[in-house]
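*Asks:* prediction below, plus the sequence it came from.
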Amino acid sequence: MRSIVTGGAGFIGSHLVDFLVSSGDDVIIIDSLVSGDKDYVREHLEAGRARLVSADLLGDGWQEELDGADRVYHLAADPDVREGSADPDRQLNNTIIATHRVLEAMRRANVTEIVFTSTSTVYGEASVIPTPEDYSPMEPVSVYGASKLACEALISAYCHSFSMRSWIFRFANIIGARSGHGVITDFIRKLKENPGELEILGDGKQTKSYLEVRECIRAIMYVAGHSSDIVNTFNIGSEDWVSVTEIADILCLEMNLSPSYRYTGGRRGWIGDVPRMQLDISRLKEIGFVPGINSRESVKIAVRAAL
């Protein structure tokens, strides 16, 4: 299979490339390398098992790479929820406009399959937890979540209008090796600067579901091979959750540190933060996939990978 991976040099994208290459796919990575890192996929590039096209989806010159492709894995986006509120224009362009350009390039090249990575933040502050895929009303509280929800709508429209098929994955917090942002990265940076005190945004009671990135990739590929509706929407996460303070405890234990915790206060860590999140993965389990690790185990693996 010839697979296009936008954002394939990024955190989740590079792990997906690892999987596709190991499966024997002909892989073309399209990545601007603004947040991605060529080193994450260098081994595949040097071995000739993947090819990198350094391009911005908002520009041109990459569209011809879709000729003859079987499927597009569209992961390119601004991944930082917090930064989306600081610069909404950038978030909207790099997520919604970029997705529209990918869909248009697919339509013109007659590529009929797209895998899209969405987010739990499309649900906003859901009143039903764990939150199922058919939850409503969907009221995102962050620009990032709103952008991803808009992309889901665009993808659905293209699938129904132009005989495409899509797999849309709403992620819990995906963590692990190569991650460049998030609570674990933030805590490690702060503790290296000051081992005696750790600033924790909010009240530390923000409680969410986490899943290690390789388990996330296994889920994506399993679902893509076991569901065939026009639009296939699935939550991906674990069946438990941990608090921000618990993550700090795990990290400090691994680093052999005993800092004091200083909370900034409030329910949210930042504008657009969702204090409580756990996804209902019943739909995922119904087709035969059960995550092999939980949130706490995922955090431990991610911490060790980051240190």
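*Replies:* Noted; the coordinates are in hand.
*Asks:* how about the strands in this protein?
*Replies:* 2-6, 26-31, 50-54, 71-74, 113-119, 165-171, 173-175, 197-200, 207-208, 210-212, 231-236, 242-243, 260-263, 276-277 (DSSP state E).
*Asks:* so which of the ones you listed is the most packed in?
*Replies:* For the strands of the chain, the largest average neighbour count (mean count of other Cβ atoms under 10 Å) is found in strand 210-212, namely a mean of 28. (C-beta placed from N, C-alpha, C; glycine too.)
*Asks:* centre of the chain to it, how far?
*Replies:* Averaging C-alpha positions (Cα atoms, centre = their mean, to the nearest Å) puts strand 210-212 11 Å from its chain's average.
*Asks:* packing partners of it?
*Replies:* Packing partners of strand 210-212 (3 or more Cβ pairs under 8 Å, 6 or more residues apart in numbering; DSSP states H and E): strand 173-175, helix 295-306.
*Asks:* thinking again about what came up before, export the strands of the chain to CSV and tack on mean pLDDT?
*Replies:* CSV is the format used below for the strands of the chain (pLDDT from 0 to 100):
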stretch, mean pLDDT
strand 2-6, 98
strand 26-31, 98
strand 50-54, 98
strand 71-74, 98
strand 113-119, 98
strand 165-171, 98
strand 173-175, 97
strand 197-200, 98
strand 207-208, 97
strand 210-212, 98
strand 231-236, 98
strand 242-243, 98
strand 260-263, 97
strand 276-277, 96
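*Asks:* redo those strands as a markdown table? Include distance to Tyr222.
*Replies:* Formatted as a markdown table, the strands of the chain follow (distance: least, Cβ to Cβ, whole Å):
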| stretch | distance to Tyr222 |
| --- | --- |
| strand 2-6 | 16 |
| strand 26-31 | 19 |
| strand 50-54 | 22 |
| strand 71-74 | 14 |
| strand 113-119 | 12 |
| strand 165-171 | 11 |
| strand 173-175 | 16 |
| strand 197-200 | 35 |
| strand 207-208 | 23 |
| strand 210-212 | 14 |
| strand 231-236 | 10 |
| strand 242-243 | 24 |
| strand 260-263 | 39 |
| strand 276-277 | 23 |
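*Asks:* what is the burial count for Leu57?
*Replies:* Leu57: 24 surrounding residues under other Cβ atoms under 10 Å.
*Asks:* how close does the residue nearest to it when sequence neighbours are not counted get to Ala47?
*Replies:* Distances taken as Cβ to Cβ, 6 or more residues apart in numbering put Ala98 closest to Leu57, at 4.0 Å, once the chain neighbours are dropped. Using Cβ to Cβ, to the nearest Å, one gets 29 Å for the distance from Ala98 to Ala47.
*Asks:* run through the residues that contact Ala98.
*Replies:* Thr6, Leu57, Leu58, Ala76, Ala77 (Cβ atoms under 8 Å, 6 or more residues apart in numbering).
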